[in-house]
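Colleague: below are the sequence and a predicted model for it; my questions follow.
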Amino acid sequence: MRITVIGGGVGCARFVLGLREHVRRTGSDDTIDVVVNTADDWRVSGLRISPDHDSLLYALAGVNDTDRGWGRTGETERVSAELAAWGTAPDWFTLGDLDLGTHIARTAWLRAGESVSDVYRRLGARWPLGATLHPATDAEIDTQVVTRDGQIHFQEWWARHRAQVPALGFEQQNIDQARPSGGAHEAITRADVILLAPSNPIVSIGPVLAIPGMRDLLLSSRAPVVGVSGIIDGSVVRGMADACLAAVGIETSARAVAQHYGARRASGILDGWLVDETDAESVGPLADAGIRTRAVPLWMRDADSSAQVARDALELAASFT
Ligand code: GDP
Ligand code: CA
């Protein structure tokens, strides 16, 4: 079976780790492809940074810092300290030395004329990941946050202002010119099951769906589309997705996020939706809206609980075939 996941950074990485664990335990030859959000990519000191991709890469490779929740394990920050001393990097965005190695390699390949997809392939070849990562698009679609004082890059809003500056909306630059990458196109068209990771609905999944042609690919796919809520009992598990949802007028609830994605039979994208047990009251109303919903434990604390979430998502998907 070909399983395709759509998602962003750390929430997506936890989910894909669970999925990989589940596939290993079943001993099947199921494959995992991940269509990765590229809209929170940006540039620091001339280097191209790809946070969502790198969160997935490091987590799947087992070289991520699980205590801090981001970056590489055993990291040092000597280069960042030097860059700050030279005044060339913002002091609110620290990059580790090992992590900088990734950014230098990526930037060198891009400057040599390679595509973002080429760079994903190169970075993905170093460790056995158990999943294939594809950029949602090869185009640069960095998210800009609209504030009362004008637009700022998403990373400035997120990392510098900790999402505390009121956002009036999110826009992806040059999104009209973007197209799904070849790998994303194939992963969606050939999928047997499509899973939406519990990623940030507005800035991790939203930009992927906003790429012209992406929704049509999903709608025309023969695979069932099942999403996993990143909102549990009215709160985010980690991060600041609530600030993003509030900015576009969506309540922070599993039910509201499902309604935002919409039922596939009503021109949305979801066939099925997993909510946490604490959100069981949303099962009936969402079913009435055409989204088959199941309430199961959605906290991914360790290998067992993450594998169980993946298994529940696949079981819900299987109920459509
Ligand atoms: P980011 O780009 O690094 O912020 O990561 P993502 O967009 O992939 O994921 C962020 C979302 O993952 C947040 O909204 C979290 O609520 C959600 N998330 C993180 N851990 C868990 C978990 O254990 N269970 C569920 N259901 N969601 C989670
Ligand atoms: Ca992200």
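Modeller: Nice, I can see it. Ligands and ions are numbered 1, 2, ... in the order given.
Colleague: all contacts plus neighbour counts: C-alpha atoms, from now on.
Modeller: Will do.
Colleague: within range of ligand 2, give me the residues from the stretch 151-300 of the chain.
Modeller: If contacts are counted using Cα under 5 Å from the ion, the residues of the stretch 151-300 of the chain sitting beside ligand 2 are Ser204.
Colleague: what segments of the stretch 151-300 of the chain are strands?
Modeller: For the stretch 151-300 of the chain, the strands identified by DSSP state E, counting those that start in this stretch occupy 169-172, 193-196, 225-228, 231-232, 235-236, 272-276, 292-296, in order along the chain.
Colleague: of all those strands, which one is nearest Tyr261?
Modeller: Put simply, out of the strands of the stretch 151-300 of the chain the one that sits nearest Tyr261 is strand 225-228, at 9.1 Å, with distance taken as Cα to Cα.
Colleague: got the strands of the stretch 151-300 of the chain as CSV, with mean neighbour count, mean pLDDT and distance to Leu17 columns?
Modeller: As requested, these are exported to CSV (neighbours: other Cα atoms under 10 Å; pLDDT from 0 to 100; distance: least, Cα to Cα, whole Å):
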stretch, mean neighbour count, mean pLDDT, distance to Leu17
strand 169-172, 20, 97, 28
strand 193-196, 26, 98, 14
strand 225-228, 26, 98, 14
strand 231-232, 22, 98, 19
strand 235-236, 16, 95, 19
strand 272-276, 26, 98, 17
strand 292-296, 21, 98, 18
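Colleague: now render these as a markdown table, adding distance to Ala303.
Modeller: Formatted as a markdown table, the strands of the stretch 151-300 of the chain follow (distance: least, Cα to Cα, whole Å):
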| stretch | distance to Ala303 |
| --- | --- |
| strand 169-172 | 34 |
| strand 193-196 | 19 |
| strand 225-228 | 17 |
| strand 231-232 | 19 |
| strand 235-236 | 20 |
| strand 272-276 | 18 |
| strand 292-296 | 16 |
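Colleague: pLDDT wise, what is Ala108 at?
Modeller: The predicted local confidence for Ala108 comes out at a pLDDT of 98.
Colleague: now do the SS call for it.
Modeller: helix (DSSP: H, G, I helix; E, B strand; the rest coil).
Colleague: circling back to that earlier point, which among the strands of the stretch 151-300 of the chain is found nearest to ligand 1?
Modeller: Taking Cα to the nearest ligand atom as the criterion, strand 235-236 is the member of the strands of the stretch 151-300 of the chain that comes nearest to ligand 1, at 3.8 Å.
Colleague: which parts of the stretch 151-300 of the chain sit against ligand 1?
Modeller: Along the stretch 151-300 of the chain, the residues adjacent to ligand 1 under the rule Cα under 6 Å from any ligand atom are 198-200, 204, 229-231, 236-239, 241, 298-300.
Colleague: so which of those residues belong to helices?
Modeller: Using DSSP state H, the members of these that fall in helices are Ala241.
Colleague: pull out the buried residues from the residues of the stretch 151-300 of the chain next to ligand 1.
Modeller: Burial by neighbour count, judged by 16 or more other Cα atoms under 10 Å, picks out 198-200, 204, 229-231, 236-237, 241, 298, 300 from these.
Colleague: any chance of the residues you listed in JSON lines, plus distance to Ile6?
Modeller: Formatted as JSON lines, the entries for those read as follows, by distance: Cα to Cα, whole Å:
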{"residue": "Pro198", "distance to Ile6": "9"}
{"residue": "Ser199", "distance to Ile6": "9"}
{"residue": "Asn200", "distance to Ile6": "11"}
{"residue": "Ser204", "distance to Ile6": "9"}
{"residue": "Ser229", "distance to Ile6": "13"}
{"residue": "Gly230", "distance to Ile6": "13"}
{"residue": "Ile231", "distance to Ile6": "17"}
{"residue": "Val236", "distance to Ile6": "19"}
{"residue": "Val237", "distance to Ile6": "19"}
{"residue": "Ala241", "distance to Ile6": "17"}
{"residue": "Leu298", "distance to Ile6": "17"}
{"residue": "Met300", "distance to Ile6": "17"}
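Colleague: of those, which is the nearest to Ala159?
Modeller: For those, with Ala159 as the reference and Cα to Cα as the criterion, the closest is Ala241, at 13.1 Å.
Colleague: which residues does Ser306 contact?
Modeller: For Ser306, the residues meeting the contact criterion (Cα atoms under 8 Å, 6 or more residues apart in numbering) are 14-15, 17-19, 298-300.
Colleague: can you redo the residues you listed as TSV with pLDDT?
Modeller: TSV is the format used below for these (pLDDT from 0 to 100):
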residue	pLDDT
Arg14	97
Phe15	98
Leu17	98
Gly18	98
Leu19	98
Leu298	98
Trp299	98
Met300	97
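Colleague: show me which of the residues you listed is closest to ligand 2.
Modeller: Arg14 (13.0 Å; Cα to the ion).
Colleague: that closest one: which element?
Modeller: Taking DSSP states H and E as the criterion, the element that holds Arg14 is helix 10-26.
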